[in-house]
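Trainee: Sharing a sequence plus its predicted fold:
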Amino acid sequence: MMSPGRPSPSLSSSALRRGLAAAGLAFALVGAACSSSNTTPGAGASSSSSGGAGCESAPTLAKNDFCKSCTFSPNASPAACKTPRVLNACCAWVQAPTQELARGTGLNRYPSDDPTIQLGCLDAPATAGASQTVSLKGFLRVFSSGGDSAGGKIEIFKEGPDGALGEPIGAAVTVTADDAKNPPQTPKPEWLKKCPDGGCSFRSFTYEGVPTETPLIVKTSDASGGNQWSELYEYNVYFSNDSVQNGTVTMDPAVVAATDINTIASAAGGFIVKPEKGLLAGEVHDCGDIRLSGATVDTDVAHEADMFYFGENESDPLPDRSRSSLGTSRLGLFGTLNVQTGVPIRVSAVGKRNGETVLLGTYTVQTFPRAITAVVFRGRRPFQK
């Protein structure tokens with residue numbers, strides 16, 4: 001649903017470090033560690049207990065060596081293979097992909113005309129460097145509704161254990177409608193359907209004291225505490241030292257209009273957002289930070305709605321229920337509703353490349369009451385060994 005915009009391409013959290021090295025954009029049965037070889041997920045599960053023949057004939061999942069030490073959560077749901085979720089994707093059961101992966105070319109965000117998918121970082125992630133303190137600059141964009149991001153508040157946190165919110169970084173920043181203080185991006189974007197005449201105002205900002213080579217969470221919300229903007233927690237934000245230019249890194253986080261949540265819940269199947277539950281969303285990218293179609297995603301915790309995928313319309317992104325077996329569209333967007341809050345949630349993504357089913361990413365997050373948790377898969381981060 002949302003993605004960070006322009007953070008340096010490179011997947012994870014401190015919880016995922018443990019999830020990958022010992023347990024973060026989620027193969028074995030409950031209580032068993034994932035195999036270090038490319039085994040057939042679901043092997044050993046009976047058809048009577050695990051959903052039928054689909055579990056017995058699940059495809060081999062490649063590129064899963066870095067998940068060899070993960071273990072299933074004691075609260076995993078489902079806890080074993082259950083059709084159609086027949087792939088054990090780093091200790092989270094995911095529906096097998098039915099379409100070949102393809103890059104989402106010709107888009108306004110993450111633009112590329114190169115159709116060549118890049119998955120090299122899944123085998124060889126970059127090496128982490130020594131953290132340094134930099135300035136973060138960018139534009140606070142709107143996800144869908146709202147012609148001006150003024151009134152949006154930005155906060156940054158380190159990732160805590162098991163995907164929890166860690167210590168705050170620097171001082172919160174609020175963007176205003178003052179063109180001198182927070183000048184809008186020019187030319188003003190006009191590609192969103194709900195932009196006013198003359199384009200949307202994505203307000204510029206600077207956030208000081210941001211560490212590189214550190215898993216971060218970027219939160220956006222309504223600065224006034226009102227109902228214009230929902231709370232959004234963006235996971236898997238990681239700035240490598242290679243992305244620093246003149247002491248600065250860049251990112252365009254999003255604000256999400258409160259009305260968008262109900263619109264999405266309705267389009268996903270007429271659901272009502274429960275105030276005590278959280279919402280989960282994100283995007284699947286390749287190692288070149290280009291969005292991928294054909295990916296399937298799921299979590300190791302229960303959610304009320306099935307995992308849904310958004311349609312092809314970048315100007316007005318909405319869930320498309322016809323994509324339930326197709327996976328992500330060229331927008332790479334996925335989501336689900338009414339997820340338990342305050343617990344670690346493993347999210348995993350898989351895809352089909354040249355007929356081979358591969359793990360595209362896994363990450364551990366948490367959700368917050370009536371807030372959106374977003375995670376963008378970008379391959380493996382340096383701390384995902």
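Mentor: Structure received.

Trainee: what comes up buried for the helix or strand encompassing residue 358?
Mentor: Assessed by DSSP states H and E, residue 358 sits inside strand 356-365. Using 16 or more other CB atoms under 10 Å as the test for burial, strand 356-365 gives 357-365. Placement of C-beta: from N, CA and C, glycine included.

Trainee: now do stretch 239-258
Mentor: Going by 16+ other CB under 10 Å, stretch 239-258 has these buried residues: 239-241, 243-244, 249-258.

Trainee: circling back: out of the buried residues of strand 356-365, who's nearest residue 149?
Mentor: Set against residue 149, the nearest of the buried residues of strand 356-365 by CB to CB is residue 365 (23.7 Å).

Trainee: Check the gap between that closest one and residue 165 for me.
Mentor: Here the criterion is CB to CB, to the nearest Å. By it, residue 365 lies 10 Å from residue 165.

Trainee: can you check residue 261 too?
Mentor: Look at residue 261 and residue 165: by CB to CB, they are 20 Å apart.

Trainee: one step back: check the buried residues of strand 356-365 against residue 377 and report the nearest one.
Mentor: residue 361 (3.3 Å).

Trainee: three-state assignment of the residue lying closest to residue 183 once chain neighbours are set aside?
Mentor: Spatial nearest neighbour of residue 183, chain neighbours left out: residue 204 (5.4 Å); criterion: CB to CB, 6 or more residues apart in numbering. Under DSSP: H, G, I helix; E, B strand; the rest coil, the three-state class of residue 204 is strand.

Trainee: mind listing what residue 204 touches?
Mentor: Residue 204 sits next to 137-140, 175, 182-185 when contact means CB atoms under 8 Å, 6 or more residues apart in numbering.

Trainee: beta partners of it?
Mentor: As for beta bridges, residue 204 partners with residue 139 under DSSP bridges.

Trainee: From residue 211, how far out is it?
Mentor: From residue 204 across to residue 211, the span is 22 Å (CB to CB).

Trainee: Could you report the neighbour count for residue 87?
Mentor: By the criterion of other CB atoms under 10 Å, residue 87 has 29 neighbours.

Trainee: who's it bridged to?
Mentor: residue 94.

Trainee: how far away is it from residue 130?
Mentor: Taking CB to CB, one finds residue 87 at 37 Å from residue 130.

Trainee: Check residue 308 too.
Mentor: From residue 308 over to residue 130 (counting by CB to CB), the distance is 41 Å.

Trainee: neighbour count winner among these two?
Mentor: Ranked by neighbour count (other CB under 10 Å), residue 308 and residue 130 place residue 308 first, with 23 against 7.

Trainee: Residue 329 is in contact with that one, correct?
Mentor: No - using CB atoms under 8 Å, residue 308 makes no contact with residue 329, being 11.1 Å away.

Trainee: anything in contact with each of the two?
Mentor: The contact sets of residue 308 and residue 329 overlap at 320, 323 (CB under 8 Å, 6+ apart).

Trainee: quick revisit: mutual contacts of residue 365 and residue 165, please.
Mentor: Joint contacts of residue 365 and residue 165 (CB under 8 Å, 6+ apart) are residue 233.

Trainee: show me where the stretch 151-300 of the chain has strands.
Mentor: Secondary structure of the stretch 151-300 of the chain (DSSP state E, counting those that start in this stretch): strands at 152-159, 165-174, 203-211, 216-222, 232-237, 248-250, 254-255, 278-284, 292-293, 296-299.

Trainee: of the ones you listed, which approaches residue 335 most closely?
Mentor: So among the strands of the stretch 151-300 of the chain, strand 278-284 is nearest, using CB to CB, at 3.9 Å.

Trainee: what helices or strands is the closest one leaning on?
Mentor: Packing partners of strand 278-284 (3 or more CB pairs under 8 Å, 6 or more residues apart in numbering; DSSP states H and E): strand 296-299, strand 333-339, strand 345-353, strand 356-365, strand 372-377.

Trainee: Dump that strand to PDB, restricted to CA.
Mentor: In PDB, the C-alpha atoms belonging to strand 278-284 read as follows (Å, rounded to 0.1, in the frame of the first residue of the first chain):
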ATOM      1  CA  GLY A 278      -3.800  -3.200  12.900                       C
ATOM      2  CA  LEU A 279      -3.500  -3.100   9.200                       C
ATOM      3  CA  LEU A 280      -0.600  -4.500   7.200                       C
ATOM      4  CA  ALA A 281       0.500  -3.400   3.700                       C
ATOM      5  CA  GLY A 282       3.600  -3.200   1.600                       C
ATOM      6  CA  GLU A 283       5.300  -3.700  -1.700                       C
ATOM      7  CA  VAL A 284       7.600  -6.300  -3.300                       C
END
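
Trainee: Report the contact partners of the residue nearest to residue 353 when sequence neighbours are not counted.
Mentor: Leaving out its chain neighbours, the residue that sits closest to residue 353 by CB to CB, 6+ apart is residue 101, at 5.4 Å. Going by CB under 8 Å, 6+ apart, residue 101 touches 117, 286, 292-295, 351-353.
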